[in-house]
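Q: Kindly return the folded structure for what I paste below:
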Amino acid sequence: MRDKRLIVGFAISAGWIALAVFMLVAQERPTRLNEWGDFIAGFSAPLAFFWLVLGYLQQGEELKQSTKALRLQADELKQSVEQQSNLVELSRKQMQHEIEKLEEDRRRYREAVRPTFVPQQSSIVHNAQTGEVAAFHISIVNIGRPATRVRMRFEIDGTLADSVNRAIFSSEENVRVSLPLAKGRLSNATIDYVDASGLPGRCEFQIRAVREKTLEFSDTVLVL
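A: Predicted coordinates for the structure are as follows:
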């Protein structure tokens, strides 16, 4: 478009100059200096105005092209920002997924190295004189991994009823405790230990005498 305007401008200018020369030859030439000034001014003013308009049109076209280029750059920048945002979000999701996977692996590993203590009712001790139930024998079995520095405490109404301390508590090993629980009474059991990975742990459960000769055990809760 720019080259086309220049060609048209030069063509019109050449035609205008040719017309001026023709008029200068065909008509009587000016003889005075002021007449020459008027002739030159009359000849050059329209040509100058024409090039001024042509230049204005050219600047408008260039401004239009520059605006278009800026819009394209803005669109490219916007797309780049969106792509970077998508990459950041993808990286964040991948990192979150890795963190969750690590946490899940850690949880599974911790479960794999823990001991699992299961309480069971073993036998009943009767009062020799009255024949009533005097105490319950309870067996605590470890069906999980071995543990060390095991400390078991069984409290009834805040008072220690029985306790067991073991330096090592192997898998499938069991201990027996005796609890004087009357019907409706509750014992809180706490077992502290060090698991196979060397980390301390604790579990808690409750034992309740629901009937004269029957115990009920709550679910074991892992505290550590």
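
Q: now the strands: where do they sit in this structure?
A: Taking DSSP state E, the strands of the chain run over residues 117-126, 133-142, 147-156, 159-169, 174-179, 186-194, 200-211, 214-217, 221-222.

Q: Those strands: which one's closest to residue 107?
A: Comparison of these against residue 107 by CB to CB identifies strand 221-222 as nearest, at 10.9 Å. In this view, the C-beta of every residue, glycine as well, is placed from N, C-alpha and C.

Q: Tell me which other helices or strands the closest one touches.
A: Under the contact criterion of 3 or more CB pairs under 8 Å, 6 or more residues apart in numbering; DSSP states H and E, strand 221-222 touches strand 200-211.

Q: dump the residue contacts of the nearest residue to residue 210 once chain neighbours are set aside.
A: Using CB to CB, 6 or more residues apart in numbering and skipping residues adjacent in sequence, the residue nearest residue 210 is residue 216, 4.6 Å away. Each residue near residue 216 by CB atoms under 8 Å, 6 or more residues apart in numbering is listed here: 207, 208, 209, 210.

Q: now the third one: how far from residue 145?
A: For residue 209, the distance to residue 145 (CB to CB, to the nearest Å) stands at 31 Å.

Q: neighbour count winner among the two?
A: Ranked by neighbour count (other CB atoms under 10 Å), residue 209 and residue 145 place residue 209 first, with 20 against 17.

Q: Find the nearest non-adjacent residue to that one, please.
A: residue 181 (4.1 Å).

Q: confidence score at residue 224?
A: On the pLDDT scale, residue 224 is placed at 72.

Q: Could you do residue 72 as well?
A: 87.

Q: Could you tell me how many residues sit around it?
A: Other residues close to residue 72 by other CB under 10 Å number 10.

Q: Mind putting the contacts of residue 216 into CSV with pLDDT and distance to residue 13?
A: As requested, those are exported to CSV (pLDDT from 0 to 100; distance: CB to CB, whole Å):
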residue, pLDDT, distance to residue 13
207, 95, 112
208, 93, 112
209, 91, 118
210, 88, 115
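
Q: who wins for most neighbours among the residues you listed?
A: Neighbour counts for the contacts of residue 216, by other CB under 10 Å, peak at residue 207, which reaches 23 neighbours.

Q: Outline the domain layout of the protein.
A: The chain breaks down by automatic domain parsing into domains covering 2-110, 114-222.

Q: Where does the prediction get shaky in this protein?
A: 1-10, 16, 18-44, 47 (pLDDT under 70).

Q: For the longest helix belonging to it, enumerate the helices and strands it packs against.
A: When the chain is parsed with DSSP state H, its longest helix is helix 33-113. Counting by 3+ CB pairs under 8 Å, 6+ apart, the packing neighbours recorded for helix 33-113 are helix 2-26.

Q: Could you check how many residues crowd around residue 110?
A: 15.
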